[in-house]
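Chemist: fold the stuff below for me.
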Amino acid sequence: MRYIYCVIVIIAFVFSACVGSSNKGENNDEQQKDSLMVDQTPLIKVESAPKVIELNSRAKKEIRTWASFNSLNSKVEQMPSVSRYRLYTFTEELDVLYEELFEQEFPEKFNVPPVKSRLLVFRTFILKLKSKADDQRFSDEELTQGIVEIVEAFNNVKIQVNEISESDLDDDEMINFP
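Modeler: Purely as a prediction, here's the structure:
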């Protein structure tokens, strides 16, 4: 009789442990769902988001084969819609695209200091925002300002590309221009 009583107690104990662990698993699933439900709203309101300027038709023709610039351009166009939650990985992706841009050969017409220096400023703003993005001490307004700086810096690159593509001067004349 004592043997049967011990077996029943052990079975009850094992059964209750199994039921308890399955309830904990349900709670973990709920906690994981809650942790995935982070704020996905963009930091910038659509109305106040900075606009990425367009390249002129001549520049588009000349840039068409510059794949890394085009990838970077499309990524920057997505920048105003980024949420705080995704900002750090987004800036990492921008930095990788920047690195790829400099690993590839620049088109000869755009392999000039004015374009490269503006790209360097652009990267500086990427790194600045990347350092702030993972730190909760920075407010949404500060992060929004970083996004605006990145878009404006890239717009300056595109303005320079537009100016170079519109100029009728050949490369030799540009170098010797007073």
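
Chemist: show me what contacts residue 63?
Modeler: Going by C-beta atoms under 8 Å, 6 or more residues apart in numbering, residue 63 touches 55, 69, 70, 107, 110, 161. For the C-beta atoms, the positions are set from N, CA and C on the backbone; glycine is no exception.

Chemist: can you list the weak-confidence ranges in the protein?
Modeler: Segments of the chain classed as low confidence (criterion: pLDDT under 70) are 1-2, 5-7, 9, 12-13, 15, 17-49, 168-178.

Chemist: any idea how it splits into domains?
Modeler: According to automatic domain parsing, the chain comprises the domains 1-37, 46-175.

Chemist: out of those, which one sits most buried?
Modeler: domain 46-175 (a mean of 16; mean count of other C-beta atoms under 10 Å).

Chemist: now do the same for residue 51: helix, strand or coil?
Modeler: Secondary structure assignment for residue 51 (DSSP: H, G, I helix; E, B strand; the rest coil): coil.

Chemist: give the contact list for it.
Modeler: Residue 51 makes contact with residue 151 under the criterion C-beta under 8 Å, 6+ apart.

Chemist: residue 125 versus that one, what's the distance?
Modeler: From residue 51 across to residue 125, the span is 17 Å (C-beta to C-beta, to the nearest Å).

Chemist: rewinding a little: now, which of the contacts of residue 63 sits nearest residue 133?
Modeler: Ranked by distance to residue 133 (C-beta to C-beta), the contacts of residue 63 are led by residue 69 at 23.7 Å.

Chemist: now for the helix or strand where that closest one lies, which elements pack on it?
Modeler: Secondary structure from DSSP states H and E places residue 69 in helix 67-78. Applying 3 or more C-beta pairs under 8 Å, 6 or more residues apart in numbering; DSSP states H and E, we find helix 67-78 packed against helix 84-103, helix 140-166.
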